[in-house]
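>>> What shape does this take:
(one chain, ligands or ions: 2)
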Amino acid sequence: MQDHPTPSLALAQPPPAATPPGEKLPLAAVALGLLALLVAAADADHNRARLSLYAALALVSGGALGWAWLAFGRPAAGWHPHDLWRRASTSRGAVAWATGVALTGFYVVLYWFPGLLENLIRALDPFSAWLRHRAADQWLLYGTFYTLAVLVLGGRALWKYRSTRYHLARTASVMFFQLGFSFLLPGLLLALQQPEYYFSYFWPLKYDYLFPDAVGKLLHGGGLGVFMVFWGVVLSFLATPVLTYFFGKRWYCAWVCGCGGLAETAGDAYRHLSDKSRTAWRWEMRLLYPILGLILLLTALLWVGASGAVPALGVVTGPLGQLYGFAIGSIFSGVVGVGFYPLLGSRVWCRFGCPMAAYLGLLQKHFSRFRISTNGGQCISCGNCSNACEMGIDVKQYAQRGAPIVRAACVGCGLCATACPRGVLNLENGPREGRLAASTFIHADSLRIL
Ligand code: SF4
Ligand code: SF4
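Ligands and ions are numbered 1, 2, ... in the order given. Now for the predicted structure:
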């Protein structure tokens, strides 16, 4: 589909293409669904609130899927920027700010004022009783919204990127892990009177899974608890380095992780907003690795404290743990990480805050076979690849020089390669030898004119 069927010769930016009439109906259903959600949140009658909530979820999901099919499922497959830099919703315009305020507001209420969500939470009681054999809480409400967002907007991603098997597979994968491992399985565990455990999250992302308290409780919980501790240790310290050696950090960040899953589906329309400047990269270095260091230090101190060797450590570890949970676990990963999607791009948390991304990135940069090779001789410097990169990597700079991209930040989403009109970029798990070698097609003299 062309963004502008009639070529414009104007020097000023042309206005974005109007929304086709056919797409207005499903978008109206989404708006109606959001209204029904507000009605459910304000209705103290649980039966009525339940009806409003279910109607809201059906309208929002059905409307979003209908719109996605019309916008992405019918036109020719492939990379289409779809006016992203001209629409108020995806170019930091008024709609984007309003969405950002609504999202951050939701997270603030979820973490610190869950009482305001009481009507919505109670509306989910029958579903919770069916799935988890207990009353609903705010985390079930959040998990329901989160999972629906990944599934519905995962449908949009499947349609949008249907021409590329890689995107079909990884989108289906994040949908599967979110629904199965982050929603249904933890609920089932609760129904079976077991700890609510997320098998797709590991330390240091799920930092408390290897804290002495949590490990002690799991070990006392019988065979399944012992298996959970074993699973966590093996995934953090054995499977993660081995899989990253063979496939790069993409095996987790673009295929398994729930945060990455939301970014790749609900956040796809915001990927171009990631800042490619050197200043942003400096902030990445200043924040990401100190956060990994902090959680390493905290975990080590907690274990030293638990061993009884230094009893006074509790004075430090208690406040430090609370500070980490508040600043990183709640504010950074939730309020900023998702709330700022419409303003800073879809991978704010992954890029600047996630200790798992830092750990995977170090492994990827120094001990992995993964790289993006570039055939610089073909590059026409259009910049599509840099525009598509959600991790703020200026891919074009590498492509112009025929240099391989071996960056700790790259999550291997593959969108740069899909966006490239010249087939310059290729995600590879080749041998480590020659991994950093630049293209032989580009002579040093050529760089002067690139
Ligand atoms: S460099 Fe390419 S594969 Fe890596 S994160 Fe950016 S767009 Fe995705
Ligand atoms: S690598 Fe491809 S997308 Fe990137 S600037 Fe070159 S031609 Fe454009």
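
>>> buried set for the helix or strand hosting L38?
Using DSSP states H and E, L38 sits in helix 21-42. In terms of neighbour count (16 or more other Cβ atoms under 10 Å), helix 21-42 has its buried residues at 23, 26-27, 29-30, 33, 36-37, 39-41. In short, each C-beta sits where N, CA and C put it, glycine included.

>>> Quick check: the gap between the residue of the stretch 1-150 of the chain at minimum distance from ligand 2 and N387.
Proximity to ligand 2, evaluated over the stretch 1-150 of the chain using Cβ to the nearest ligand atom, is greatest for W79 at 9.2 Å. Taking Cβ to Cβ, to the nearest Å as the criterion, W79 is separated from N387 by 10 Å.

>>> Mind listing the shared neighbours of these two?
Residues touching both W79 and N387 by Cβ atoms under 8 Å, 6 or more residues apart in numbering: A419.

>>> Name the residues of this protein found near ligand 2, please.
379-385, 395-396, 399, 419-420, 422, 424-425 (Cβ under 6 Å from any ligand atom).

>>> and these, which of them are in helices?
Among the residues of the chain next to ligand 2, the members falling in helices are 384-385, 395-396, 399, 419 (criterion: DSSP state H).

>>> Verify the contact between P114 and Q138 for me.
Yes. At 4.1 Å, P114 counts as touching Q138 under the criterion of Cβ atoms under 8 Å.

>>> Looking at those two, which is more packed in?
Between P114 and Q138, counted using other Cβ atoms under 10 Å, the more crowded position is Q138 (19 against 16).

>>> which ones are touching the more buried one?
By Cβ under 8 Å, 6+ apart, the neighbours of Q138 are 110, 114, 117, 121.

>>> Just among these, which is most surrounded?
Counting by other Cβ under 10 Å, top hit in those: I121 with 22 neighbours.

>>> buried residues in stretch 276-286?
For stretch 276-286, by 16+ other Cβ under 10 Å, it's 276, 281, 284.

>>> just to revisit the earlier point, give me the common contacts of P114 and Q138.
Common contact partners of P114 and Q138 (Cβ under 8 Å, 6+ apart): I121.

>>> what about R134, which SS state?
coil (DSSP: H, G, I helix; E, B strand; the rest coil).

>>> Which pLDDT value belongs to it?
Here the pLDDT value assigned to R134 is 95.

>>> Surely it touches L190?
Yes. The pair R134 and L190 passes the contact test of Cβ under 8 Å, sitting 6.3 Å apart.

>>> out of those two, which sits in the busier spot?
L190 (18 against 14).

>>> ok now do that one, which residues does it touch?
Neighbours of L190 in contact, by Cβ under 8 Å, 6+ apart: 132-134, 196.

>>> any idea how far Y111 lies from A437?
Taken as Cβ to Cβ, the span from Y111 to A437 is 48 Å.

>>> re the thing from before, residues contacting the helix holding L38, please?
19, 49-50, 52-53, 55-67, 70-71, 116-117, 119-120, 123.

>>> rerun at 10 Å
Helix 21-42 has contacts (Cβ atoms under 10 Å, 6 or more residues apart in numbering) with 18-19, 46, 48-71, 74, 102, 109, 116-121, 123, 145.

>>> you'd agree C410 is up against C389?
Yes. Applying Cβ atoms under 10 Å, one finds C410 in contact with C389, separated by 8.2 Å.

>>> in the chain, what spans have low per-residue confidence?
For the chain, the stretches with pLDDT under 70 are 1-14, 81-82, 439-450.

>>> How is it divided into domains?
Recorded structural domains for the chain (assignment: automatic domain parsing) are 19-75, 94-366, 369-449.

>>> first vs last residue of the second one, how far apart are they?
Yep, that's domain 94-366 we're talking about. 42 Å (Cα to Cα, to the nearest Å).

>>> That one and ligand 1, any residue contact?
No. Between domain 94-366 and ligand 1, judged by Cβ under 6 Å from any ligand atom, nothing touches; the nearest distance is 7.4 Å.

>>> what do you get for the last one?
Yes. Part of domain 369-449 sits close enough to ligand 1 to count as contact by Cβ under 6 Å from any ligand atom, namely 372, 388-391, 393, 395, 405, 410-416.

>>> Restricted to strands, list these.
I372 (DSSP state E).

>>> Looking at the residues of domain 369-449 next to ligand 1, which is nearest P186?
For these, the residue nearest P186 by Cβ to Cβ is V411; the value is 24.3 Å.

>>> Isn't the closest one up against M356?
No. Contact criterion Cβ under 10 Å: V411 and M356 do not qualify, at 11.2 Å.

>>> on that earlier part again, in contact with the residue of the stretch 1-150 of the chain closest to ligand 2: list those residues for me.
Per Cβ under 10 Å, 6+ apart, neighbours of W79: 160-161, 163-164, 384-385, 387-388, 415-421.

>>> surely C389 meets H272?
Yes. The pair C389 / H272 is scored as a contact, 8.3 Å apart, by Cβ under 10 Å.

>>> which of those two has more neighbours?
Per other Cβ under 10 Å, whichever of C389 and H272 has more neighbours is C389, with 27 against 22.

>>> Over to that one: give its phi and psi.
phi -80, psi 120 (degrees, to the nearest 10).

>>> residue contacts, it?
271-272, 274, 276, 345, 347, 395-396, 405, 407, 409-411, 413, 415-416, 419.

>>> And the residue of the stretch 101-250 of the chain closest to ligand 1?
Nearest to ligand 1, among the residues of the stretch 101-250 of the chain, is R250, at 7.4 Å (Cβ to the nearest ligand atom).

>>> what ranges do the helices span in the stretch 1-150 of the chain?
For the stretch 1-150 of the chain, the helices defined by DSSP state H, counting those that start in this stretch cover 21-42, 46-68, 94-112, 118-123, 125-132, 138-160.

>>> Reformat these as TSV; add distance to T317.
Shown next, in TSV, are the helices of the stretch 1-150 of the chain (distance: least, Cβ to Cβ, whole Å):
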stretch	distance to T317
helix 21-42	38
helix 46-68	41
helix 94-112	22
helix 118-123	32
helix 125-132	32
helix 138-160	25
